[in-house]
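Student: Got a predicted structure plus its sequence, pasted below:
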Amino acid sequence: YIADGSLGLQVVNVANPVSPVLAGTLNTPGNAYAVQVENALAYVADGTTGLLVIDIAVPTVPVLRGTVNTPNTANDLTLAGGVAVVLDFASGAGSLVHFIDVTVPTAPAIIGTVASPDGATGISTRGATAFVSSNTRITLIDFSDPAQPVLLGSYVANGQPREMVIGDDLLYVASYSSFEVFDTSIQAFPPAPYTLGLATSVRDVAVSDQFAYACAGGLVIVDLTDLADLTIRGQLAFDYEPICVEVDGQYAYLLAFRWGDFLNDWRVVVVDVADPDNPVQVGAYDWSAQSSSCSEIAYADGHLYVPLTYAYEFKIIDVNDPSQPHPVGSLSLTSLGITARDGRLYAHGQAIYDLAVASSPVYCGSLNGYGLNGDLCFNDGDMFNADAGADLWAISNAMPCQPQSIAFIGLQNRYVNDVAFLD
C-alpha cells in the first residue's frame, strides 16, 4: 500500500515478488503523504484534506469510508490501538499533533491536539508515548489520555533528524550529520526555565542569598524567593552601562563603561543593597583606557580585580571604604577572565597569584598550556578549564600553585566560553 502523493493510494500485488502488479488505486482529494494499514483498513495522511480511512477488504477496489479534516497539512501518521496519531505540518512553530478516534471508521474524530515545537517532520509511537521529530529535537508526548495529551520534554539532536527507530528503551536517530542513540528509560529532560522579561539585555548577573543582581541598563535586583513568580525588587540607573557585577555582603560592585572619542571611560560603582527595594550608590572610581571590553571581575578581601581586554591593564581597586574606591596596584595581564578563590587569584589561561596581601598579588604558578582564555570552575581539589579553543580540561588543584592536568576532551571545534560543575 503506497501513499503516492497527487496520485493517491496505490495497491500493489506482491504475491510474486519479482513481478509486482498494480492491483488497485484510489485517487484521494489531496496529496497522499503517508499510509498505515490495520484490520483491512488503510489510514492515509492526505495533506490539506486531513486523515482518510479507506476500506481495503477488497484490495483491488479500495473504498473511502471516512475522513476528518485537519487545519494544516497532514503529512505523517501512526496507529496506536483505536487512535490515529497524525502530524499536521505547518511552517515555523505552527505544526500540530492530532489524536484521532478511529474506532468508528466512517466517523473518525479529533479528540485531542497538542502543538509541536520547531517545525515537526515525522512521528512514531511506543505504547502511549508519541515521538515527534522536528528541525532540532525529538519531542515526547504522553497520550495515555488521548483527549488530554501532555508534552513530556525533548531530546536535542545533533543536526536535523531524518529518521528514527524506537526500541524497548532506546531511540535511534539518523540526522543529516550524525547518528545518535538516546536512552528513553530515564526521561531526564531539562526543566522549563523560569523567566522574567527585562527592558534591555542582561550583560552579567550575580546571585547572593535570595536575590539576583543583574546588569541590565542599570542595576536590577530580582527576588528569587518564588522562582515561579520572579519579581523586581529594586533598580538603579547609571550614566554608564554596567557590564560586570560582583556582590559581597551588603554591597554590589559594578564595572560600567561608556564610549569615548579615543579613550573609553570606565567606572567602578559601589552600591549599598542592604535594602533591596532601594539600592543606593555610595562610591565610584573613574578612569579612561583604550579597551572596550571586560569579561568579568572578581572580589576578594576588600579588593576588586578588573581585567580590561586588550589594554594590558589589570587594575586592583581597594573598596574597603565603599565611599572611596581607589586603585592600589595593577598586573600586566591580558586575561579575558579571572576567578578569586581560597586566597588565590586565577587569571584564566595565564597565571595563579597568591592573595595573602590582597593589594599585592604574588605570582605562584602557571595556567599556560591549558588552552586559551575561557572559564574556570572548581570542585573540591579539582578545577575545570573551558578552553575557548575547543577543549575542556580537568586539572588537579591539590597543590594550588602547581596545577597538574588530569584529562581533557576535545569538543569538535566548538568555542568553549563557560563551564559549571554539578554534583
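Tutor: Great, that's in hand. Numbers count the residues shown, from 1 in each chain.

Student: What strand or helix carries the closest residue to residue 405 other than its chain neighbours?
Tutor: The shortest distance from residue 405 to any non-neighbouring residue, by Cβ to Cβ, 6 or more residues apart in numbering, is to residue 395 (5.8 Å). Glycine gets a C-beta too; all of them are placed from N, C-alpha and C. Per DSSP states H and E: residue 395 is located in strand 391-396.

Student: number of nearby residues for residue 284?
Tutor: When neighbours are counted by other Cβ atoms under 10 Å, residue 284 registers 17.

Student: what do you get for residue 147?
Tutor: Residue 147: 11 surrounding residues under other Cβ under 10 Å.

Student: Okay, now the unreliable bits of the stretch 51-200 of the chain?
Tutor: 92-93, 117-118, 176-179, 187-194 (pLDDT under 70).

Student: Tell me which stretches of it form strands.
Tutor: Ranges of strands in the stretch 51-200 of the chain, per DSSP state E, counting those that start in this stretch, are 51-55, 63-68, 73-80, 83-89, 96-101, 109-115, 122-126, 129-133, 137-142, 150-156, 161-166, 170-175, 179-183.

Student: So for residue 27, which of the ones you listed sits nearest?
Tutor: Residue 27 lies closest to strand 63-68 among the strands of the stretch 51-200 of the chain, at 10.1 Å (Cβ to Cβ).

Student: what about residue 379, distance to residue 406?
Tutor: As judged by Cβ to Cβ, to the nearest Å, residue 379 and residue 406 stand 12 Å apart.

Student: on that earlier part again, rounded to a whole number, what's the mean pLDDT of the strand holding residue 395?
Tutor: The average pLDDT for strand 391-396 rounds to 67.

Student: ditto for stretch 226-246
Tutor: The predicted model assigns stretch 226-246 a mean pLDDT of 90.

Student: How about stretch 265-285?
Tutor: Confidence for stretch 265-285, expressed as mean pLDDT, is 96.

Student: Can you check the distance spanned by it, start to finish?
Tutor: End-to-end distance for stretch 265-285: 11 Å, by Cα to Cα, to the nearest Å.

Student: what does stretch 63-73 give?
Tutor: Stretch 63-73 has an end-to-end distance of 22 Å (Cα to Cα).

Student: Would you mark the buried spots in that stretch?
Tutor: Residues of stretch 63-73 classed as buried: 64-68, 70, 72-73 (neighbour count, 16 or more other Cβ atoms under 10 Å).

Student: just these now: which is nearest residue 256?
Tutor: Of all the buried residues of stretch 63-73, residue 72 has the smallest distance to residue 256: 49.4 Å, by Cβ to Cβ.

Student: residues contacting the closest one?
Tutor: Contacts here follow Cβ atoms under 8 Å, 6 or more residues apart in numbering; on that basis residue 72 touches 48, 88-90, 94-96.

Student: Just the buried subset of those residues, written out for PyMOL, thanks.
Tutor: To isolate the buried ones among the contacts of residue 72 in PyMOL, judged by 16+ other Cβ under 10 Å, type:
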select buried, resi 88+89+95+96
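
Student: out of the contacts of residue 72, who's nearest residue 201?
Tutor: Residue 201 has its nearest neighbour among these in residue 94, at 28.0 Å by Cβ to Cβ.
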